[in-house]
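Peer 1: What shape does this take:
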Amino acid sequence: MTGYAPGIAELGPEDGVADGIDQALKAVRYQIKHGAKVIKICATAGVLSFEGPVGAQQLSEDEMRAIVQEAARHGLKVAAHAHGTEGILAAVRAGVASIEHGSMLNDEAIALMKQRGTYLVPTAYLLTAVDPAKMPPAIKAKMEQIIPLAQESHRKAIRAGVKIAFGTDAAVYPHGDNAKEFAVLVGYGMKPIDAIRTATLNAADLLGVTDRGEIAAGKLADLIAVPGNPLNDVHVLEQVRFVMKGGVVVKQE
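Peer 2: As a prediction, the model looks like this:
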């Protein structure tokens, strides 16, 4: 991320790198001081990094709980990037609002997410948008391991009724392709209307905002129009012809 070799110009809590409860609290407080509206943590390792096991838990449950409690004092929610099962379970127990990616969900994790009302943000289109063959060997191996596991995890979570919110992980792939996420969710078994709700009502609920997410008096006039009925063909959401932002038309074809 920095371009430096490991061990050179290492980052600290102000940059989002924390080790231990005290540093984790410092990192959260620093972000809140500078205007953060949501706190995001890495509960586990990632796929597009040179670290070892993709699912390795990176924060202890106590560290995660301290982060969640500190954010809650300021009315903020916590999202957890998490691939591995143990990290997902620890994050949900710690009280995070959402699991981003959720690549290795077992039955226990799915049941716990349903019990706690924890959202899953699948970033599902990403799994087919990035070509493993173009990656360095170590990352290619992790992608080939995780992609089928993540696809099955997402299907299981949707079938089980876990709450789903829309997220894309752009710009891992280019901004502008974000709407391709809808068709993947429908392919996983969601009805088109439910896929749309992931990006509107559900996303607003997850973020704790009440001024958007639906077309109603008093809400933000942020609207799009597409050339067809997405309930018949969800792919039309990829063809945005009209955009209104705050009541002002900013695109009209």
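
Peer 1: now for the helix or strand residue 40 falls within, which elements pack on it?
Peer 2: Using DSSP states H and E, residue 40 sits within strand 38-42. Strand 38-42 is packed against helix 21-33, helix 61-73, strand 77-82, with contacts defined by 3 or more Cβ pairs under 8 Å, 6 or more residues apart in numbering; DSSP states H and E. Backbone N, C-alpha and C define where each C-beta goes, glycine included.

Peer 1: Please save the CA atoms from it in CSV.
Peer 2: Output of strand 38-42 as CSV, limited to C-alpha atoms (Å, rounded to 0.1, in the frame of the first residue of the first chain):
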residue,chain,number,x,y,z
VAL,A,38,-18.5,5.0,10.1
ILE,A,39,-15.5,3.0,11.5
LYS,A,40,-14.2,0.1,9.4
ILE,A,41,-11.8,-2.5,10.7
CYS,A,42,-9.9,-5.4,9.2
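
Peer 1: Deepest in the core, which of the helices and strands packed on strand 38-42 is it.
Peer 2: Sort the helices and strands packed on strand 38-42 by mean neighbour count, taking mean count of other Cβ atoms under 10 Å, and strand 77-82 sits at the top with a mean of 25.

Peer 1: Average pLDDT for it, rounded please.
Peer 2: Averaged across strand 77-82, pLDDT comes to 98.

Peer 1: Tell me which strands it pairs with, and in which orientation.
Peer 2: Using DSSP bridges, strand 77-82 pairs in its sheet with strand 38-42 (parallel), strand 98-101 (parallel).

Peer 1: what about the longest helix in this protein?
Peer 2: With secondary structure taken from DSSP state H, the chain has its longest helix at helix 137-160.

Peer 1: pLDDT of the strand holding residue 40, averaged?
Peer 2: On average, strand 38-42 scores 97.

Peer 1: you'd agree residue 120 is up against residue 166?
Peer 2: No. Applying Cβ atoms under 8 Å as the test, residue 120 and residue 166 come out as separate, 10.8 Å apart.

Peer 1: So which of the two has more stuff around it?
Peer 2: Between residue 120 and residue 166, residue 120 has the larger neighbour count (other Cβ atoms under 10 Å), namely 27 against 22.

Peer 1: Just list whatever residues bridge to the more buried one.
Peer 2: Residue 120 has these beta-bridge partners by DSSP bridges: residue 99, residue 164.

Peer 1: separation between it and residue 113?
Peer 2: 7 Å (Cβ to Cβ, to the nearest Å).

Peer 1: between these two, what contacts are shared?
Peer 2: Common neighbours of residue 120 and residue 113 (criterion: Cβ atoms under 8 Å, 6 or more residues apart in numbering): 99, 105, 157, 162-163.

Peer 1: Buried members of the residues you listed into PyMOL, please.
Peer 2: Here is the PyMOL command that picks out the buried ones among these, judged by 16 or more other Cβ atoms under 10 Å:
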select buried, resi 99+105+157+162+163
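
Peer 1: And the shared contacts of residue 120 and residue 113, which is closest to residue 184?
Peer 2: residue 157 (13.4 Å; Cβ to Cβ).

Peer 1: residues contacting that closest one?
Peer 2: Residue 157 touches 102, 105, 110, 113, 120, 122, 164, counting by Cβ under 8 Å, 6+ apart.
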